[in-house]
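Novice: Sequence and predicted structure are below.
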Amino acid sequence: MPALLCLENPLLDVRALGNQELLDRYGLKANDAILAESSHQGLFDDLIKNFAAETTAGVGASEAAPDLVESSQVYFVGGYHLTVCPEAGLALAEEAAAKNKIYVMSLSAPFIPVAFKDALDKTEPYSDYFVGNESEALAWAQSHGLETEDIPTIADHLANLPKANVNRPRIVLITQGSSPTVVAISGTPGHEDIPIRTISAAEIIDTTGAGDAFAGGLLAGIVQQKPLKTSVDMGHWLAHLGIQQMGPNYPLPKQSLTPV
């Protein structure tokens, strides 16, 4: 019996070693994620022709796990899916609440809680796990009129928003790069900081996909019914491996989890 059903978007990653001039040319910021506009039309050809770009063909989570709604016990919906079919995410959320299954949401990018606020707000009450990074959490707070930039405060606020399935608590996890991951649980005062796996700046190659890696490792722990701290560390471990590669890739040969 399959344990996990995921909804996301398939991507073709084009990766290259750029520079500040390239970012300035297309009005881009470093370490950011945005929706492409007409001003970015020439970027892809530019990367391929002038920056020796490489590509990684991704299989969207929605393509990897079709027709498994009834038999799956854990559902994951990434924020990017809200840009194409929020109705599907909401239908899956309602199914999870009705049958006491686990529903996991990821913000995916800072523009999601801004540009797709309404779709997110319809689905968020069903979330049992709510995952994001500090930039995404700050964007959520700003778009919802929460006047704070304190990540633990934002996490606690998110955790205690109204919830559809009261049989499960809501667990909010906010990653912070090299700082500990903030965890807040509905009905539990305060928050917990879970340290990441340490890594030197020299070992970091590319942070693309680090959040997805964290979510993937976390999901593996949830599906296996691991303790929360273990599941979070599984996410940290996978992200730790990924950021040492170019693009959203992992080292070969395949590695096994090394406990801290």
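Specialist: Received, thanks.
Novice: Could I get the full set of strands for this structure?
Specialist: 4-7, 12-15, 54-57, 74-78, 102-106, 129-133, 171-176, 179-185, 192-194 (DSSP state E).
Novice: among those strands, where is the model least confident on average?
Specialist: Among those, strand 54-57 carries the lowest mean pLDDT, a mean of 73.
Novice: quick one: contacts of it?
Specialist: Applying CB atoms under 8 Å, 6 or more residues apart in numbering, the contact partners of strand 54-57 are 12-16, 246-249. Glycine gets a C-beta too; all of them are placed from N, C-alpha and C.
Novice: repeat for stretch 30-40
Specialist: With CB under 8 Å, 6+ apart as the criterion, stretch 30-40 contacts 20, 23, 26-28, 43, 83, 108-111, 115, 207.
Novice: need the strands of the chain in TSV with mean neighbour count and distance to H144, can you?
Specialist: Output for the strands of the chain, formatted as TSV (neighbours: other CB atoms under 10 Å; distance: least, CB to CB, whole Å):
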stretch	mean neighbour count	distance to H144
strand 4-7	22	23
strand 12-15	14	31
strand 54-57	12	34
strand 74-78	25	19
strand 102-106	25	15
strand 129-133	25	13
strand 171-176	25	14
strand 179-185	20	16
strand 192-194	15	23
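Novice: right, so of those, which gets closest to Q255?
Specialist: Proximity to Q255 (CB to CB) singles out strand 54-57 among those, at 18.6 Å.
Novice: Partner strands of that closest one, with direction?
Specialist: strand 12-15 (antiparallel) (DSSP bridges).
Novice: quick revisit: for the strands of the chain, give me a markdown table that also has distance to D233.
Specialist: Below are these laid out as a markdown table (distance: least, CB to CB, whole Å):
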| stretch | distance to D233 |
| --- | --- |
| strand 4-7 | 19 |
| strand 12-15 | 26 |
| strand 54-57 | 26 |
| strand 74-78 | 18 |
| strand 102-106 | 17 |
| strand 129-133 | 15 |
| strand 171-176 | 12 |
| strand 179-185 | 9 |
| strand 192-194 | 7 |
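Novice: quick one on the thing from earlier: now render the contacts of strand 54-57 as CSV, adding distance to I154.
Specialist: Output for the contacts of strand 54-57, formatted as CSV (distance: CB to CB, whole Å):
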residue, distance to I154
L12, 33
D13, 29
V14, 33
R15, 31
A16, 34
M246, 32
G247, 30
P248, 26
N249, 31
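Novice: about what we covered before: pick out the most distant pair among the contacts of stretch 30-40.
Specialist: Distance extremes for those: the farthest pair is Q20 and T83 at 28.4 Å, using CB to CB.
Novice: okay, these two: which has more neighbours?
Specialist: Between Q20 and T83, counted using other CB atoms under 10 Å, T83 has the larger neighbour count: 17 against 9.
Novice: What is the burial count for the closest residue to the more buried one other than its chain neighbours?
Specialist: For T83, ignoring the flanking residues on the chain, the nearest one in space by CB to CB, 6 or more residues apart in numbering is F116 at 6.1 Å. F116 has 21 neighbouring residues, counting by other CB under 10 Å.
Novice: wouldn't F116 be in contact with G79 here?
Specialist: Yes - F116 is within contact range of G79, at 7.4 Å (criterion: CB atoms under 8 Å).
Novice: Quick check: pLDDT value at A3.
Specialist: Here the pLDDT value assigned to A3 is 88.
Novice: Compute the number of surrounding residues for the residue nearest to it when sequence neighbours are not counted.
Specialist: Nearest residue to A3, sequence neighbours excluded (CB to CB, 6+ apart): V223, at 4.6 Å. Using other CB under 10 Å, V223 has 17 neighbouring residues.
Novice: which ones are touching V223?
Specialist: Per CB under 8 Å, 6+ apart, neighbours of V223: 3-4, 73-74.
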